[in-house]
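Trainee: could you look at this predicted model? Sequence included:
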Amino acid sequence: MNVNVLLNELFTVNSLKKILTNKNYTTFQKTAHKIVEINNGMTNFEILSAIYKFMSKKHRNEYFYKNTLFNKILLGQHSVNTTTAIRELPVAGNILDFLIVNGSGQVYEIKTELDNLKRLEGQINAYYKAFSFCNIVTNEDDIEGTMSHVSRPEVGIIVLTKRNTLHVEREPVKYDGGLEYEAMFKILRKYEFEDILKTHFGELPKANSFEYYTVCFDMFKKIEITLAQSYMLKQLKKRYTITKNQVHEFNKVPMELKSLVYFSEYKKRDFEQLNHFLYKTDMEA
């Protein structure tokens, strides 16, 4: 199997889950044998780190970009105690790559060296229906092409350099002009929009099950739109949390796996299984 395909398969939530729960090491072993010169006594963590280093030079895929954003922005500038990251969020018919929610919601649309830019303008316009700050994350060779595909001057441009650092080419500017109630409401889960309505109106509507969603949406539209966005952001911020009891274990997770573990919502047993795997030798279980 092509090494790039293997890299894409290895760094996924499901792949890591299979390794830890089903003891299925097939993808990990295939990838390792294609990339790493394995010596006796090497831990699985050392092998994984070598694979990730190879990827950073030869195959900077979407996971590499997302994990870099997670490490350098959420962990480097904020904290898992105060800030939430969300990936692959459906917004107005598009899938938002990466979102960081603190006081505001910062959108990060990723365009790797492996992507094309045809849909970029439409994607950004869609994200402005729910969020006020949008950024495009690209590479050094595609800066001019990226900027030529986006007409909005409010969009931030961030470059993942060849040294794998993040360089802000252009800061994002707040833009509320595209906000739409429907886009925001559809992002919310039932218990989330119910919590918003109870907070704002003090009650939920009385309606049968067939009309309930529509009636709730009609109530939501009565909230001033930037306030409605603020309520939505508060709900999104609750979606992924590292509890105080988990912070110590999460801090020990290798940089290469930080975002995978975060989005897997690990419990104590999961962290134990991960450590067991990482520090075994000879590609053992």
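Mentor: Arrived safely, thanks for sending.
Trainee: residue 65: which element?
Mentor: Residue 65 is part of helix 62-69 when elements are defined by DSSP states H and E.
Trainee: just say helix, strand or coil for residue 85.
Mentor: When classified by DSSP: H, G, I helix; E, B strand; the rest coil, residue 85 comes out as strand.
Trainee: show me the domain layout of the protein.
Mentor: For the chain, the structural domains run 3-60+244-278, 82-170, 181-237, going by automatic domain parsing.
Trainee: nearest to residue 70, of the ones you listed?
Mentor: Evaluated with C-beta to C-beta, the domains of the chain place domain 3-60+244-278 nearest to residue 70, the distance being 4.0 Å. For glycine as for every other residue, the C-beta is placed from the backbone atoms N, C-alpha and C.
Trainee: and the closest one, average pLDDT?
Mentor: Computed over domain 3-60+244-278, the mean pLDDT rounds to 91.
Trainee: which residues sit against the helix holding residue 65?
Mentor: Identification of contacts with helix 62-69 by C-beta atoms under 8 Å, 6 or more residues apart in numbering yields 8, 11-12, 52, 55-56, 87, 97-98, 100, 108, 110, 112, 114, 137, 160, 164, 166, 255-256, 258-260.
Trainee: same check, this time on stretch 17-27
Mentor: 6, 9-10, 15, 28, 264, 270, 273-274, 277, 283, 285.
Trainee: now with 6 Å?
Mentor: The contact list for stretch 17-27, computed with C-beta atoms under 6 Å, 6 or more residues apart in numbering, reads 9-10, 15, 273, 285.
Trainee: which of these are buried, as a PyMOL select command?
Mentor: Those of the contacts of stretch 17-27 that count as buried under 16 or more other C-beta atoms under 10 Å are selected in PyMOL with:
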select buried, resi 9+10+15+273
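Trainee: where is the longest helix in the protein?
Mentor: helix 44-58 (DSSP state H).
Trainee: mind listing what's buried along that helix?
Mentor: Applying 16+ other C-beta under 10 Å to helix 44-58 flags 44-52, 54-56 as buried.
Trainee: now those in JSON lines, with distance to residue 181?
Mentor: Formatted as JSON lines, the buried residues of helix 44-58 follow (distance: C-beta to C-beta, whole Å):
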{"residue": "44", "distance to residue 181": "48"}
{"residue": "45", "distance to residue 181": "47"}
{"residue": "46", "distance to residue 181": "51"}
{"residue": "47", "distance to residue 181": "50"}
{"residue": "48", "distance to residue 181": "45"}
{"residue": "49", "distance to residue 181": "46"}
{"residue": "50", "distance to residue 181": "49"}
{"residue": "51", "distance to residue 181": "45"}
{"residue": "52", "distance to residue 181": "42"}
{"residue": "54", "distance to residue 181": "46"}
{"residue": "55", "distance to residue 181": "41"}
{"residue": "56", "distance to residue 181": "42"}
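Trainee: look up how far residue 114 lies from the closest residue to residue 198 other than its chain neighbours.
Mentor: Closest residue to residue 198 apart from its sequence neighbours, by C-beta to C-beta, 6 or more residues apart in numbering: residue 204 at 6.1 Å. Counting by C-beta to C-beta, to the nearest Å, the gap between residue 204 and residue 114 amounts to 46 Å.
Trainee: okay, the two: which has more neighbours?
Mentor: More neighbours surround residue 204 than the other of residue 204 and residue 114, with 15 against 12 (other C-beta atoms under 10 Å).
Trainee: just the pLDDT for that one.
Mentor: Residue 204 is assigned 97 on the pLDDT scale.
Trainee: surely residue 184 meets residue 128?
Mentor: No. Counting by C-beta atoms under 6 Å, no contact exists between residue 184 and residue 128, whose distance comes to 11.4 Å.
Trainee: quick one, what contacts residue 172?
Mentor: Applying C-beta under 6 Å, 6+ apart, the residues contacting residue 172 are 133, 135, 156.
Trainee: run the last query once more with 7 Å
Mentor: 133-135, 154-156 (C-beta atoms under 7 Å, 6 or more residues apart in numbering).
Trainee: quick one, what contacts the residue nearest to the spatial centre of the chain?
Mentor: In the chain, the centroid-proximal residue (C-alpha atoms, centre = their mean) is residue 87; its distance is 2.9 Å. Neighbour list for residue 87: 66, 97-98, 263 [criterion: C-beta under 7 Å, 6+ apart].
Trainee: switch the cut-off to 8 Å
Mentor: So residue 87 contacts 66, 97-99, 259, 263 (C-beta under 8 Å, 6+ apart).
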